[in-house]
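[1] Everything below, folded, please.
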Amino acid sequence: MSLFNLLSVSASGMAAQRTRAELLVENLANAETTRTAEGGPYRRRDAIFESQTQGSPFSAVFEDSLAAPSVGVAVSGITVDEREPELRYQPGHPDARPDGYVAYPRINPAEDMADLMSAARGYQANVSAMSAVKDMIQRSFDLMR
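    Below you'll find the model as predicted:
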């Protein structure tokens, strides 16, 4: 595996974690949203990751002669929570049903904050890996001088 492929793997991880973080922030922002354009309360969204072969334009010529290709990560889809919404008794709320209950999204802010911290740490780990690869490439250039 070339150093350039390692950069591609880390870049794919950063892109996936960015998407995950965006969805988590959207979930947190809409934790109390009872009315959407689609109708009903906001539905929680999650990213689904899958492994994906990574390539680098710098090493594409040699890829056939190398062993296994490098594998990164990609967002294969986004799931929408289809569970029944949480019902809260608030008869004065504008979105209350005739029985006085309001449908709220099934979002646990503490869980989403923990997931958001995990996404931020995953992103930072990929930044650190890219920095280490960049340093290795720089040292290789220094040795060739």
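
[2] what stretches of the protein score poorly on pLDDT?
    Along the chain, the model assigns pLDDT under 70 to residues 1, 54-68.

[3] Count the residues that sit near Q124.
    The tally of other residues near Q124 (other C-beta atoms under 10 Å) stands at 12. Where C-beta positions appear, they are placed from N, C-alpha and C, glycine not excepted.

[4] Counting by contacts, list what the strand or helix carrying it packs against.
    The secondary structure element spanning Q124 is helix 109-144 (assigned by DSSP states H and E). Counting contacts by 3 or more C-beta pairs under 8 Å, 6 or more residues apart in numbering; DSSP states H and E, helix 109-144 packs against helix 3-29.

[5] Give me the next element, helix or strand, following the helix it packs on.
    Remark: after helix 3-29, the chain's next helix or strand is strand 45-54, criterion DSSP H and E.

[6] which residues does the residue nearest in space to the middle of the chain contact?
    Ranked by distance to the mean C-alpha position of the chain (C-alpha atoms, centre = their mean), the top residue is R20 at 1.9 Å. Contacts here follow C-beta atoms under 8 Å, 6 or more residues apart in numbering; on that basis R20 touches 47, 49, 75, 115, 119, 122.

[7] mind checking how far the first one is from D112?
    Going from A47 to D112 by C-beta to C-beta, to the nearest Å gives 13 Å.

[8] and the nearest residue to R43 once chain neighbours are set aside, how far is that from Q17?
    The shortest distance from R43 to any non-neighbouring residue, by C-beta to C-beta, 6 or more residues apart in numbering, is to V80 (4.8 Å). From V80 across to Q17, the span is 20 Å (C-beta to C-beta).
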